[in-house]
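>>> Can you look at this prediction? I've put the sequence above it.
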Amino acid sequence: MNSSPVAPARSADAALDLSRFGPIGLVVVQSTSLCNLDCDYCYLPDRQKRRVFNLELLPLLLQRVLESPFCGPHLSLVWHAGEPLTLPCSYYDEATAIIERCLQEFSDGNVVIEQHVQTNGTLINDEWCDCFRRNRIVVGVSIDGPEAIHDAHRRFRNGNPSHHLCLRGIETLRRHSIPCHVIAVVTAAAMEQPEAMYRFFRDNGISSVGFNVEEQEGVHTSSSMQGREQEERYRQFLTRFWQLSEADGHPVMLREFQQVIDLIQRNRRLNQNELNRPYSILSVDWQGNFSTFDPELLSVSSERYGTFNLGNIRDTTLVEAAHSPRFQQLWGDVVAGMERCKSSCDYYGLCGGGMGSNKFWEHGTLDCSETSACRFRTQIPVQVLLDRFEAGPPAGH
């Protein structure tokens, strides 16, 4: 970690420059804290408790967003941070009706709100597919690959496996012609089986996959992926995964590769990313407390910052929160950390300054630079792609 001092004046000025904020493109709402699974790598506390976001608060939340200077033209409202399907379909029917009313009342017709769910897939059935379709909900499913790899970590509280139910849910989505993208957590065991991982996604018609490397985060205080040796194994894993997909004509595209390819093709580099630009993301917990930057920091408390929450939507506007001492402390450290990254990292333009939650969990502060998450999420995928591009066209082309 780069520990050279950063001049505080720039950070203080940045805290007051609202033009550097937004637009809000992602609103993450914890519809419920309850999850029916007990994944051993989950960062969320209290996931065994059924606490529900009261939809009576949704109009106020949408008003706060739509009337703020940070509102963007397209908002993705993601029901996440718990298992959203433990609530009834009627909850999301009501949410859709509220969203439509609020768009008419608080916007000029130029804002689109698209709902998403990130689900473990075990509860998906015909009724849920009808709900997704009538409410135009985009579906993301969490599945870690083949049965043995998945069920090693993603089990019910009674110890029963979940893979067969998750796969049944994905098959139900396919039967209803509802597309889904997949997030898979990569552990040390998964890295040893790139062929099995690739073939699982290919053979099940899963074409869009994002790899979340198992992290030391929240209540999950250790990871099987820690250490430079594991980073080299991950590089080998991604290289083999690319080779397998390339040989088949790329039926499975990894988010990690696609993000880098998009930047290269558009000859674009990042000065910031949505995780360190205030009010690009707004996260709201079941009680109405809100934060910005990384959703994983919502309702987290620390000795250095206190809570990462900026207020509650009942009594605080987004602009008021941006002028609060707590926000200015957070933003000052975010800016200082970005400056450290920019001055020390060759990958800055492909990353935009790192992920605050990983900086915090690994170093205890936002005012720092490189993390192991930087290497897993950006540096290693870039290295794999560059090695492939430098090797020339595939054999036979």
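Looks like it came in fine. Numbering: from 1, shown residues only.
>>> For the rest of this, base every contact and every neighbour count on C-alpha atoms.
OK.
>>> just for the stretch 201-350 of the chain, where's the confidence low?
216-222 (pLDDT under 70).
>>> What are the boundaries of the strands in it?
Counting by DSSP state E, counting those that start in this stretch, the stretch 201-350 of the chain has strands at residues 208-213, 253-254, 281-284, 289-291, 301-302, 306-307, 311-312.
>>> The ones you listed into JSON lines, with extra columns for mean neighbour count and distance to Thr378?
Formatted as JSON lines, these follow (neighbours: other C-alpha atoms under 10 Å; distance: least, C-alpha to C-alpha, whole Å):
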{"stretch": "strand 208-213", "mean neighbour count": "18", "distance to Thr378": "12"}
{"stretch": "strand 253-254", "mean neighbour count": "20", "distance to Thr378": "13"}
{"stretch": "strand 281-284", "mean neighbour count": "25", "distance to Thr378": "20"}
{"stretch": "strand 289-291", "mean neighbour count": "24", "distance to Thr378": "25"}
{"stretch": "strand 301-302", "mean neighbour count": "12", "distance to Thr378": "27"}
{"stretch": "strand 306-307", "mean neighbour count": "14", "distance to Thr378": "28"}
{"stretch": "strand 311-312", "mean neighbour count": "20", "distance to Thr378": "32"}
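>>> And for Gly109, the neighbour number?
10 (other C-alpha atoms under 10 Å).
>>> typo on my end, it should be Tyr347
Look at Tyr347: counted by other C-alpha under 10 Å, it has 19 neighbours.
>>> change the start of the numbering to 51 and stick with it
Let's use 51 as the start, then, which means that last one is Tyr397.
>>> quick one, what contacts it?
For Tyr397, the contact set (C-alpha atoms under 8 Å, 6 or more residues apart in numbering) comprises Thr428, Gln429.
>>> Now do it against Gly277, distance only.
Separation of Tyr397 from Gly277 (C-alpha to C-alpha, to the nearest Å): 20 Å.
>>> Sketch out the strands for the stretch 51-200 of the chain, chain order is fine.
Along the stretch 51-200 of the chain, counting by DSSP E, counting those that start in this stretch, strands occupy 74-79, 121-129, 162-169, 188-192.
>>> now Arg327, nearest residue through space, not along the chain?
Spatial nearest neighbour of Arg327, chain neighbours left out: Phe71 (6.0 Å); criterion: C-alpha to C-alpha, 6 or more residues apart in numbering.
>>> now do Thr367
Once flanking residues are discounted, Thr367 sits nearest to Arg114: 6.2 Å by C-alpha to C-alpha, 6+ apart.
>>> hang on, the earlier thing: can you list the strands of the stretch 251-400 of the chain in a markdown table and add distance to His226?
Output for the strands of the stretch 251-400 of the chain, formatted as a markdown table (distance: least, C-alpha to C-alpha, whole Å):
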| stretch | distance to His226 |
| --- | --- |
| strand 258-263 | 18 |
| strand 303-304 | 23 |
| strand 331-334 | 31 |
| strand 339-341 | 35 |
| strand 351-352 | 42 |
| strand 356-357 | 43 |
| strand 361-362 | 39 |
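>>> where does Ile409 fall, helix, sheet strand or coil?
One correction, residue 409 is Lys, not Ile. Here Lys409 is helix, with the state taken from DSSP: H, G, I helix; E, B strand; the rest coil.
>>> Does it touch Gly403 like I think?
No: counting by C-alpha atoms under 8 Å, Lys409 does not reach Gly403; the two are 10.4 Å apart.
>>> Find residues that contact each of the two.
Ser419.
>>> these two touch, right, Cys121 and Gly72?
Yes: contact criterion C-alpha under 8 Å: Cys121 and Gly72 qualify, at 7.1 Å.
>>> Need the residues touching each of those two.
With the criterion set as C-alpha under 8 Å, 6+ apart, the contacts of Cys121 and Gly72 do not overlap.
>>> what sits against Thr357?
If you count contacts by C-alpha under 8 Å, 6+ apart, then Thr357 has Ser349, Val350, Ser351 around it.
>>> For the second one, grab the count of nearby residues.
Other residues near Val350 come to 15 when the count uses other C-alpha under 10 Å.
>>> For it, give its distance to Phe358.
Taken as C-alpha to C-alpha, the span from Val350 to Phe358 is 6 Å.
>>> do the same with Ile220
Plainly put, Ile220 is 35 Å away from Phe358 if you go by C-alpha to C-alpha.
>>> I'd like the contacts of Thr357 written out as CSV, with distance to Glu155 added.
As requested, these are exported to CSV (distance: C-alpha to C-alpha, whole Å):
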residue, distance to Glu155
Ser349, 30
Val350, 33
Ser351, 36
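>>> and which of those is nearest to Arg425?
Arg425 has its nearest neighbour among the contacts of Thr357 in Val350, at 24.2 Å by C-alpha to C-alpha.
>>> Now do the phi/psi pair for that closest one.
Phi and psi for Val350, reported as degrees, to the nearest 10, are phi -80, psi 140.
>>> again with Phe343
phi 60, psi -140.
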